[in-house]
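S.K.: Mind looking at a prediction? Sequence and model below.
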Amino acid sequence: MYVSSVELVKKALAGRYAVPAFNAENLEMVQAIILAAEEEKSPVIIQTTPPTVKYLTADQAYAMVYAMAKNSPVPIALHLDHCPVFGDVMQAIRAGYSSVMFDGSNMSFEDNIAISRKVVETARPMGVTVEAELGTLGGKEDNLEECETIYTDPVQAQEFVEKTKVDMLAVAIGTVHGFYKGEPKLDFDRIKKIAMLTEVPLVLHGGSGIPDESVKKAISLGMCKVNFATELRAAATKGVRRVLEDVDVIDPKKYMGQARAEVAKLCKEKIRICSSVNKA
Ligand code: 13P
C-alpha cells in the first residue's frame with residue numbers, strides 16, 4: 001500500500017527499530033527495494049534526490065512507485081530527499097510524493113526555521129510528512145555540493161522542533177554521505193541528548209559504510225529512519241559490470257536484472273540491520 005511516512009516512523013520510535021529509506025535511481029532499483037521489503041515484511045521508504053527527480057521527473061518517479069506500491073502488502077512511502085528549494089518541494093507534493101525533506105541546513109538557523117515551518121504548514125493539510133535538517137551532514141550526496149560536518153546542537157534542535165513542528169528531524173552526529181575515508185565516528189551521546197530534548201523521530205543520514213553495530217546502537221538511541229544510497233548505487237553498478245564482462249550480452253534485461261538482484265540482496269541485509277523485519 002502507498003502511505004505517508006510519519007506513521008511508519010512513529011511506530012518505529014515506539015518499537016525501537018528504524019524504517020529503512022533507500023534511494024532509487026530507476027525502475028529496477030524501485031522493484032528491488034519493494035521486492036526486499038515484501039520478502040522481509042518490512043515497511044519501506046523509497047526516496048529520490050533532486051538530481052534524480054531531474055533525471056526521472058517527479059511525475060514519472062511517482063507513477064512508477066505508486067503503480068508498484070498500491071497492490072503491495074507492505075506500506076511504502078515515496079520521499080523527496082534533501083531538497084533545498086521550497087518550490088521544488090511543492091512540485092513533488094503536487095506530483096504525488098507522500099513525504100518530503102526540506103533541507104535548509106545551509107541557511108541561517110532563523111531562515112531554516114521559517115522555511116521548514118512554511119513547508120510543514122503547507123504539506124500537513126495534504127497528509128504529506130515533512131523531514132527537516134539541522135546541522136550539516138559531511139560528504140557528498142549524489143551530485144549535490146560537498147559539505148563539511150557541522151554537528152547538531154541538541155538545545156537548538158529542541159527549539160527548531162518546537163518552532164517548526166516537523167514530523168522527523170535529520171541530525172548531524174558524525175556520519176557522512178558517500179563512502180567513508182577513515183573509520184566513521186558516531187557521537188552517540190549527542191543522539192541521546194537530541195532524542196531526549198526533541199522527542200521526534202530522528203533520521204540517520206549517510207547509512208552506507210557505517211558498521212552494522214553502530215547503526216543498531218544509533219537506532220536504540222532514537223534514530224527511526226536510516227538512509228542508504230551509495231551502497232545501493234554501487235551494488236547496481238557491480239551487477240551491470242559483471243554481466244557486461246561478456247561482450248556478447250546486448251539485452252538490457254540481463255544486466256539490469258542482475259543490478260536488480262544485487263540491490264534486492266543488499267536491501268534485505270539493511271532491513272535486518274534496521275530490525276524492521278515483520279513490522280509491515
Ligand atoms: P549514503 O549515500 O552515505 O548511504 O547516504 C544516504 C543518505 O543519507 C541520503 O540522504
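M.R.: Looks like it came in fine. Residues are numbered from 1 along each chain as shown.
S.K.: so where do the strands sit in the protein?
M.R.: 19-23, 44-48, 76-83, 99-102, 129-134, 138-139, 168-171, 176-177, 202-204, 223-228 (DSSP state E).
S.K.: rank those by pLDDT, which is bottom?
M.R.: Mean pLDDT values for the strands of the chain show the minimum at strand 138-139, a mean of 78.
S.K.: Show me what that strand packs onto, helices and strands only.
M.R.: strand 176-177 (3 or more C-beta pairs under 8 Å, 6 or more residues apart in numbering; DSSP states H and E). Bear in mind the C-beta positions are built from the backbone N, C-alpha and C, glycine included.
S.K.: Tabulate the strands of the chain (TSV), appending distance to Thr122.
M.R.: Below are the strands of the chain laid out as TSV (distance: least, C-beta to C-beta, whole Å):
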stretch	distance to Thr122
strand 19-23	22
strand 44-48	20
strand 76-83	13
strand 99-102	10
strand 129-134	9
strand 138-139	30
strand 168-171	17
strand 176-177	27
strand 202-204	20
strand 223-228	21
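S.K.: Turn those into a markdown table, including mean neighbour count and distance to Lys192.
M.R.: Output for these, formatted as a markdown table (neighbours: other C-beta atoms under 10 Å; distance: least, C-beta to C-beta, whole Å):
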| stretch | mean neighbour count | distance to Lys192 |
| --- | --- | --- |
| strand 19-23 | 28 | 20 |
| strand 44-48 | 28 | 24 |
| strand 76-83 | 26 | 25 |
| strand 99-102 | 28 | 23 |
| strand 129-134 | 28 | 16 |
| strand 138-139 | 20 | 21 |
| strand 168-171 | 26 | 12 |
| strand 176-177 | 23 | 21 |
| strand 202-204 | 26 | 10 |
| strand 223-228 | 28 | 11 |
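S.K.: Out of these, flag the one nearest Ile194.
M.R.: Closest to Ile194 of the strands of the chain, according to C-beta to C-beta: strand 168-171, at 5.5 Å.
S.K.: Please list the residues outside the closest one that contact it.
M.R.: Strand 168-171 has contacts (C-beta atoms under 8 Å, 6 or more residues apart in numbering) with 5-6, 9, 101, 103, 105, 129-135, 137, 152, 157, 160-161, 190-191, 194, 198, 200-203, 205, 224-225.
S.K.: And the ligand, is that strand touching that?
M.R.: No. Residues of strand 168-171 contacting the ligand under C-beta under 6 Å from any ligand atom: none, with a closest distance of 7.8 Å.
S.K.: Just checking: what are the partner strands of that strand?
M.R.: Strand pairing for strand 168-171, determined by DSSP bridges: strand 129-134 (parallel), strand 202-204 (parallel).
S.K.: got the CA coordinates for it in PDB?
M.R.: Written as PDB, here are the backbone C-alpha positions of strand 168-171 (Å, rounded to 0.1, in the frame of the first residue of the first chain):
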ATOM      1  CA  MET A 168      11.100  14.000  11.700                       C
ATOM      2  CA  LEU A 169      14.500  15.600  12.000                       C
ATOM      3  CA  ALA A 170      17.800  14.700  10.300                       C
ATOM      4  CA  VAL A 171      20.700  15.400  12.600                       C
END
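S.K.: which parts of the stretch 1-150 of the chain sit against the ligand?
M.R.: By C-beta under 6 Å from any ligand atom, the residues of the stretch 1-150 of the chain that approach the ligand are Asn23, Asp81, His82, Glu141.
S.K.: let's see it at 8 Å
M.R.: For the stretch 1-150 of the chain, the residues in contact with the ligand (C-beta under 8 Å from any ligand atom) are Ala21, Asn23, Gln47, Thr49, Asp81, His82, Met101, Leu137, Gly139, Glu141.
S.K.: so where's this structure uncertain?
M.R.: Applying pLDDT under 70 to the chain flags residues 143-144.
S.K.: Could you pick out the longest helix of it?
M.R.: helix 252-273 (DSSP state H).
S.K.: Can you name every helix or strand that that one contacts?
M.R.: strand 19-23, helix 27-40, helix 212-220, strand 223-228, helix 230-244.
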